[in-house]
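[1] Need a 3D model of the following:
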Amino acid sequence: MSGLEIEGLITFLYYGDLERAMRFYEDILRLEKTVDQGWAKIYRVADAAHVGLVDGERGYHRPSPEKPVMITILVSDVDSWYAHFVDRGVKTLGAPRDNPDLRIRAFLLEDPEGYVIEIQRFL
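    Modelled structure (predicted):
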């Protein structure tokens, strides 16, 4: 399949307040901004996985109060990430817990405009 290789993935999220979203993804999630296109910012999550933050006035979609998207970030220490968010005053949607059926340990939080972020580790 020469020439048909996939090099990475970017999931784009749309915001009414791009600056506020940027502060969260840079200062709280500590993601590295790899591309700045002005009204779109792209952050490396891991290797070739990225999340893009888009000014909802300029992008393809518009921000919506309903957010039918969840970003899952795989980490080695869920509890340390939970403490990191709590220490910075980020409201989580519950404490870390194990889910034996899915064989994961995880917790959820929301970003500044309501996108759900799951912090997860496979058991």
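[2] if you skip the residues just before and after it, what's nearest to Asp79?
    Pro96 (5.5 Å; Cβ to Cβ, 6 or more residues apart in numbering). No exception for glycine: its C-beta is placed from N, CA and C like everyone else's.
[3] Where does the prediction get shaky in the chain?
    Scanning the chain with the threshold set as pLDDT under 70 gives 1.
[4] now the helices: where do they sit in it?
    With DSSP state H as the criterion, the chain has helices at 18-23, 78-87.
[5] who's in contact with the residue positioned nearest the centre of the chain?
    In the chain, the centroid-proximal residue (Cα atoms, centre = their mean) is Ile71; its distance is 4.9 Å. With contact taken as Cβ atoms under 8 Å, 6 or more residues apart in numbering, Ile71 is in contact with 11, 13, 51, 115-118.
[6] so where do the strands sit in this protein?
    9-15, 32-36, 40-46, 49-55, 70-74, 97-99, 104-110, 116-122 (DSSP state E).
[7] Return the set of buried residues in the fifth one.
    Okay, so that is strand 70-74. Within strand 70-74, the residues scored as buried using 16 or more other Cβ atoms under 10 Å are 71, 73.
[8] State the number of residues packed around Ala48.
    11 (other Cβ atoms under 10 Å).
[9] correct me, but it touches Ile10?
    No. Using Cβ atoms under 8 Å, Ala48 is not in contact with Ile10, being 9.3 Å away.
[10] if we can go back for a sec, bridge partners for the residue nearest to the centre of the chain, pull those for me.
    Ile117 (DSSP bridges).
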